[in-house]
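A.B. asks: how would this look folded up:
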Amino acid sequence: MNSSRIFLIGFMGSGKSSVGKELAKLLKYKFIDLDDVIEKCEKRTIASIFSEFGEHKFRKIEQATLESHLQHEKIVVATGGGCAAFGNNLEIMNGAGMTVYLDAHPGTLFHRLAPEKSSRPLIASKGDIDLMEYIIDKLEERISFYNKAQLKVDAGGSIREVARNIEIQLNNQS
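C.D. replies: Numbers count the residues shown, from 1 in each chain. Take a look at the predicted model:
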């Protein structure tokens, strides 16, 4: 399996960005956060893209941004929570490198997401009960995509523990 490109997938709040930065340090790879790249290229926030153009347009931009990074080697890419479930993104990532699903329990996701709702356009206006229902419903919608990742890692530990676990599993694949 090609592990010169590692794509972290999973629900928002699973730790893709935080774990991705740590994993990139451990592997001496470059870290790329697709959302950050999109905001820089589009010169607007993800939230403003969602509010002005909608989720479908955002996902098209996200897919184009993903595809534009496929020629790079030695990268860890943190994708958006819905990236793997849009179009053929998962097949693209599985073909270009190693996909790693950061698997987090819905309760863990709730506790991570609740304090930062305002910075996440899909959940900004949700109360606690609605947020928990949203997490459960969306996770159910996306789980079949997430489960097609080449590696599955429990995202419940510390950032360092999760990154180290991925590193160990990658080394065992080699």
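A.B. asks: So what touches the helix or strand of the chain with the lowest mean pLDDT?
C.D. replies: Within the chain, confidence by mean pLDDT, DSSP states H and E is lowest for helix 46-53 among all helices and strands, at a mean of 88. In this structure, residues lying in contact with helix 46-53 by Cβ atoms under 8 Å, 6 or more residues apart in numbering are 35, 38-39, 42, 44, 57-58, 61, 119-122, 124. In this view, the C-beta of every residue, glycine as well, is placed from N, C-alpha and C.
A.B. asks: 6 Å - rerun?
C.D. replies: 35, 58, 121 (Cβ atoms under 6 Å, 6 or more residues apart in numbering).
A.B. asks: Next, format the residues you listed as TSV and append pLDDT.
C.D. replies: Converted to TSV, these look like this (pLDDT from 0 to 100):
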residue	pLDDT
D35	94
F58	92
P121	76
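A.B. asks: Can you name the next helix or strand after the helix ranked longest in the chain?
C.D. replies: Using DSSP state H, we find that the single longest helix of the chain is helix 128-146. Downstream of helix 128-146, the next assigned helix or strand under DSSP states H and E is strand 151-154.
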